[in-house]
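Undergrad: okay, predicted coordinates and the sequence, questions at the end:
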Amino acid sequence: MSTDSRDSRADRASRDRAARIRVEPSPKRVRVVLGGHPVADTEHALLVWEKPNYPTYFLPARDVRTDTFRTTGERDHSPGLGDAEIHTVVVGEREAPGAARWYRDSPVAELRDTVRLDWTAMDAWFEEDEEVYVHPRDPYKRVDVLASSRHVRVEVGGVTVAESTRSRILYETGLPPRYYFPKTDVRLDLLEPSDHHTQCPYKGTASYYTVVVDGDRHENLAWWYQHPALESVRIAGHVAFYNEFVDLYVDGRLLPRPATPFS
């Protein structure tokens, strides 16, 4: 096979990957802050699904403080997005090494001359005037919290650790229903607070419990939100368990353990 043939095949593969990348304009004003100063402020942000689970913001270079960029001389190649110049963002005494990728000539037409800022390297992201966490909210995902009188029971190692007829069920696109129990309906004597925490743009920051049953430790099996995001405020102070790893009974019926990214 000739070199030209191999190059042609690689070019076609790159174009195919670029065609599969999903890009949508966001109607929200998006602002990014570092060191107390805005580094981006745009009404023309793009939502880009580099991965299927959640989107990333790409920002028009004209709406980014590119004067704060210090080139690293490095480039990053993505088969779908093309080559990006890597820059460090410097604002006053704050420095975010390699936090900006500038796609001047992406094979995805909509992304030409856009910048992707590393989410965690920035101090804060705002959609309109509300701070958002972890990653942009996906406009195609929804969270509903509904009060339920179903009889719900959780067993771990054959021991009932939670039982209630006043749980709250959280429905989140792409995940199984999560049953949140009032703490008074949970065997708190079997739960040990963990140092583990996770963040969700729809629910907020979760704190975890390790469940200890008959000497067996089930690390980070349960969690709760002390101050959830507004759309999930009804689960505040309630405890949920991973359906994937417990025996969950609803109205006397044992539910199958779901297969999810957490399994």
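TA: Received it, and whenever you're ready, just let me know what you need.

Undergrad: got a list of what residue 142 touches?
TA: The neighbours of residue 142, taking C-beta atoms under 8 Å, 6 or more residues apart in numbering as the test, are 171, 172, 173. The C-beta positions use only the backbone N, C-alpha and C, and glycine is treated the same way.

Undergrad: could you count how many residues lie near the second one?
TA: Translated: residue 172. 17 (other C-beta atoms under 10 Å).

Undergrad: list the contacts for it?
TA: Applying C-beta under 8 Å, 6+ apart, the residues near residue 172 are 141, 142, 143, 178, 202.

Undergrad: from those residues, pick the one nearest residue 95.
TA: residue 202 (31.4 Å; C-beta to C-beta).

Undergrad: so that closest one makes contact with residue 228?
TA: No - the pair residue 202 / residue 228 is not scored as a contact, 9.0 Å apart, by C-beta atoms under 8 Å.

Undergrad: now do stretch 214-231, average pLDDT.
TA: The average pLDDT for stretch 214-231 rounds to 95.

Undergrad: neighbouring contacts of that stretch?
TA: 143, 156-157, 159, 161, 180, 183, 186, 191, 194, 196, 198, 200-212, 232, 235-242, 245-246.

Undergrad: what do you get for stretch 159-166?
TA: Contacts for stretch 159-166 (C-beta under 8 Å, 6+ apart): 147-155, 181-182, 185-187, 190-191, 211, 213-214, 222, 239, 241, 246.

Undergrad: what of stretch 103-116?
TA: 14-15, 18, 21, 23, 40, 46, 48, 56-62, 64, 66, 80-85, 100-102.

Undergrad: any idea how far apart the tips of that stretch sit?
TA: 8 Å (C-alpha to C-alpha, to the nearest Å).

Undergrad: show me how far that stretch is from its chain's centre.
TA: Centroid separation for stretch 103-116 versus its chain: 23 Å, with C-alpha atoms, centre = their mean, to the nearest Å.

Undergrad: may I see the buried residues of it?
TA: 103, 106, 107, 108, 111, 114, 115, 116 (16 or more other C-beta atoms under 10 Å).

Undergrad: pick out the most distant pair among these.
TA: Farthest pair in those, by C-beta to C-beta: 107 and 115, 16.7 Å.

Undergrad: which members of the contacts of residue 172 are positioned in strands?
TA: 143, 178 (DSSP state E).

Undergrad: return the member of the contacts of residue 172 nearest to residue 31.
TA: Closest approach between those and residue 31, by C-beta to C-beta: residue 202, at 20.0 Å.
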